[in-house]
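>>> requesting a structural model of the entry that follows:
(chains A and B)
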Amino acid sequence: MGYALSVFNTCIHDHNVFNYNVIIAGLIDHKLATQAFQYFLEMRLIEFIMPDHFTFPCVIKACLDVVEVKKIHGLLFKFGLELDLYVGSALVNCYLKFGFVEDAEEVFDGMSVRDVVLWNAMINGFSQIGQFDKVLEVFGRMKDQGVVPSRFTITGILPVVGMKEGIDNGRALHGFVLKMGYDSCVAVSNSLIDLYGKCKCVDDAIGIFETMHEKDIFSWNSVICVHEQRGDHYGTLKFFRRMVFAGMQPDLVTVTTTLPACAHLAALRIGSKIHGYIITTGLGKCKDGKGHDLHIDNAIMYMYAKCGSLGVARLVFDKMSYKDTASWNIMITGYGMQGLGNEVLNTLSSMCEAQMKPNDATFVGILSACSHGGLLTQGRMFLDQMHQIYGIVPTIEHYSCVIDMLGRAGQLEEAYKILTTMPVEDNPVIWRAFLAACRLHGNADLAEVAANMIFKLEPLHCGSYVLISNVYGAEGRYEDVSEIRHTMREHNVKKIPGCSWIELKNGVHVFVTGDRTHAEDYHIYAALHHLTSRLRDYKYIA
DNA sequence: GTAGGGTTAG
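The predicted structure follows:
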């Protein structure tokens, strides 16, 4: 661009509209909008050269706010260019970008001819500002007018169809894509991956991905997101690994999708490697060079907190230049998970001192901390305060924490009273928390009440059967145990054994209770016996 | 010889 400018400024002595257009377009391509505007002024006011239908689309694209757009829009009438299609598309695009729907529609309606690009400007513009119903409406009108959708229409419409309309319309559009040969376009295939992912057709999404000849960063990110949104965290990491081995550089989107997967799998080693990658590549840096992207820091904190490395999470937290409610919630929830009740309460006061308002998620963290830390008085107090002082109406999630808290502490009667009188609708989750408490404290009567509720609400959940059967087992009611087993077989419910795993060097080792499948099982159990006998020496009772 | 649309995350 520097050479282009010096040629323009020193070698060309009689500038014309063409040279100016090239310079202005070039400056805008290099994101030098302010300079572009200077040249635009200079051409008109100093050199008296008239801008033309090539100049305006560029200049409109460079506008940073709607005031500038309106000024340019006014100029267009002076030059008689208000009906030019290129100019109109740029205007529609720009007005919608700033949320000025009426102005965009006025330009659109005023055009005497409408080509596919102009329609796309409307479709993609509404999509960008989240007005998805408008997207579908405009798309319908476009088809009624007999305008053939282009690749750009498809990439604009598919995410919205996936979100709002479902797979039947999505498949119809996929058919159209194949008929038109648009599937050779990477962006179109990328939106197909997204469409199938959003409609929960994971195999179709992966199928598209695997058959693509050329994959860009969007393709990889999309297929990774499909896995993460479905809760398949292993799948997320599998495709992340493939992406790295394929030589594709992860970007901001990749890491913000992959870090939560590490968090859920407690994959601290991979998570901290990604953190290192973010630091060395400067991915998390804000555009101004100072500070970090807020969401990236939250994702990093969340990963460390979930992996149990609260100290590191805290380091990241303390260094953040700007924190939002989610940042505070992550710290509070992290302390809560480790039963550090006092840290939770301290963090909550610091949060309020920092003028941050706690939200519903904050109180889920606080109440679950009270549950795990045995802080009954505080827990009850917060349930009242969250409504009275902070104006947040408790939901089923909050009541679940309270039931869990009272249940663990053995206050089953009070838990039952709240459970049956609370002003929100119950669900199987809260009853299961209660059932677990009944099992813990050996109350078979209330356990049966809870179990019957759960079997009505969610008859196919295996964990509930195991809980109630354990209650009966503890009471020696083996006939009831076998009846539960029978019911499970009848409903074809199978309990998948819970497993534990540890990450060692470059491998993950998974094991279940009484597992003897490991090659070194003899030594493992010998070490275990040694540990338990040492614990007995210290008078430890499990 | 110059110009106007697109896809992924939180």
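>>> residue ranges in chain A under the pLDDT threshold?
For chain A, applying pLDDT under 70 flags the ranges A:287-290, A:506, A:542.
>>> show me where it has strands.
Secondary structure of chain A (DSSP state E): strands at A:500-504, A:507-511.
>>> show me what from the stretch 51-200 of chain A comes close to DNA strand B.
A:52-54, A:57-58, A:61, A:84-86, A:88-90, A:93, A:115-118, A:120-121, A:124, A:127-128, A:150-153, A:155-156, A:159, A:185-188, A:190-191, A:194 (C-beta under 7 Å from any atom of the strand). C-beta here means a position set from N, CA and C on the backbone, and glycine is covered the same way.
>>> circling back: can you put the strands of chain A in TSV and add distance to A:V101?
Below are the strands of chain A laid out as TSV (distance: least, C-beta to C-beta, whole Å):
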stretch	distance to A:V101
strand A:500-504	51
strand A:507-511	51
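>>> so can I have JSON lines of those showing mean neighbour count?
Shown next, in JSON lines, are these (neighbours: other C-beta atoms under 10 Å):
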{"stretch": "strand A:500-504", "mean neighbour count": "11"}
{"stretch": "strand A:507-511", "mean neighbour count": "12"}
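>>> a markdown table for those strands, including distance to DNA strand B?
Output for the strands of chain A, formatted as a markdown table (distance: least, C-beta to the nearest atom of the strand, whole Å):
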| stretch | distance to DNA strand B |
| --- | --- |
| strand A:500-504 | 24 |
| strand A:507-511 | 25 |
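>>> can you tell which of those is closest to A:A447?
strand A:500-504 (26.3 Å; C-beta to C-beta).
>>> roughly how far is the closest one from the heart of the chain?
Taking C-alpha atoms, centre = their mean, to the nearest Å, one finds strand A:500-504 lying 27 Å from the centre of the chain it belongs to.
>>> could I have it exported to PDB, CA atoms only?
Extracted in PDB, the C-alpha atoms of strand A:500-504 (Å, rounded to 0.1, in the frame of the first residue of the first chain):
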ATOM      1  CA  SER A 500     -12.500 -43.200  37.100                       C
ATOM      2  CA  TRP A 501      -9.500 -42.300  35.100                       C
ATOM      3  CA  ILE A 502      -6.100 -40.800  35.500                       C
ATOM      4  CA  GLU A 503      -3.900 -39.000  33.000                       C
ATOM      5  CA  LEU A 504      -0.300 -40.300  33.100                       C
END
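>>> give me the nearest residue to A:I167, chain neighbours excluded.
A:C199 (4.1 Å; C-beta to C-beta, 6 or more residues apart in numbering).
>>> quick one on the thing from earlier: which members of the residues of the stretch 51-200 of chain A next to DNA strand B are classed as buried?
Buried by 16 or more other C-beta atoms under 10 Å: A:54, A:57-58, A:61, A:84-86, A:88-90, A:93, A:116-118, A:120-121, A:124, A:127, A:150-153, A:155-156, A:159, A:185-188, A:190-191, A:194, out of these.
>>> just the ones in helices from these, please.
Cross-referencing those against helices under DSSP state H gives A:57-58, A:61, A:85-86, A:88-90, A:93, A:116-118, A:120-121, A:124, A:127, A:151-153, A:155-156, A:159, A:186-188, A:190-191, A:194.
>>> chain center to stretch A:205-217, what's the gap?
With C-alpha atoms, centre = their mean, you get 22 Å for stretch A:205-217.
>>> likewise stretch A:4-12?
On C-alpha atoms, centre = their mean, the centre of stretch A:4-12 falls 48 Å from the chain's centre.
>>> swap in stretch A:89-101?
On C-alpha atoms, centre = their mean, the centre of stretch A:89-101 falls 27 Å from the chain's centre.
>>> contact partners for the nearest residue to A:F139 once chain neighbours are set aside?
Of all residues not flanking A:F139 in the chain, A:I157 sits nearest, at 5.3 Å (C-beta to C-beta, 6+ apart). Residues in contact with A:I157 (C-beta atoms under 8 Å, 6 or more residues apart in numbering) are A:I123, A:S127, A:V135, A:L136, A:F139, A:P149, A:L173.
>>> touching, A:R114 and A:F108? I think so.
Yes: using C-beta atoms under 8 Å, A:R114 is in contact with A:F108, at 7.4 Å.
>>> and the two? which has more neighbours close in?
A:F108 (21 against 18; other C-beta atoms under 10 Å).
>>> now do the more buried one against A:G231, distance only.
Remark: distance between A:F108 and A:G231 (C-beta to C-beta, to the nearest Å) = 41 Å.
>>> A:I366 now?
26 Å.
>>> of the two, which one has the most company?
A:I366 (30 against 10).
>>> ok, now which ones touch the residue nearest to that one when sequence neighbours are not counted?
Setting aside the residues directly before and after it, A:I366 is nearest to A:F382 in space (C-beta to C-beta, 6+ apart), at 5.5 Å. Going by C-beta under 8 Å, 6+ apart, A:F382 touches A:F363, A:I366, A:L367, A:C370.
>>> how far is the lengthiest helix in chain A from where the chain is centred?
Across chain A, the longest stretch assigned as helix under DSSP H is helix A:521-537. Distance of helix A:521-537 from its chain centroid, counting by C-alpha atoms, centre = their mean, is 43 Å.
>>> which residues touch A:V316?
A:D297, A:I300, A:M301, A:Y304.
>>> look up how far A:A444 lies from the spatially closest residue to it that is not a sequence neighbour.
Of all residues not flanking A:V316 in the chain, A:M301 sits nearest, at 4.9 Å (C-beta to C-beta, 6+ apart). Using C-beta to C-beta, A:M301 is found at 43 Å from A:A444.
>>> ok, now A:V161?
52 Å.
>>> again, but for A:K71
Separation of A:K71 from A:A444 (C-beta to C-beta): 78 Å.
>>> go on, A:V92?
For A:V92 relative to A:A444 (C-beta to C-beta), the value is 69 Å.
>>> who's more crowded, these two?
Each of A:V92 and A:A444 has its neighbours counted (other C-beta under 10 Å); A:V92 has more, 26 against 16.
>>> list the contacts of the nearest residue to A:G235 once chain neighbours are set aside.
Of all residues not flanking A:G235 in the chain, A:H227 sits nearest, at 3.5 Å (C-beta to C-beta, 6+ apart). By C-beta under 8 Å, 6+ apart, the residues touching A:H227 are A:V202, A:H233, A:G235, A:T236, A:K238, A:F239, A:A261.
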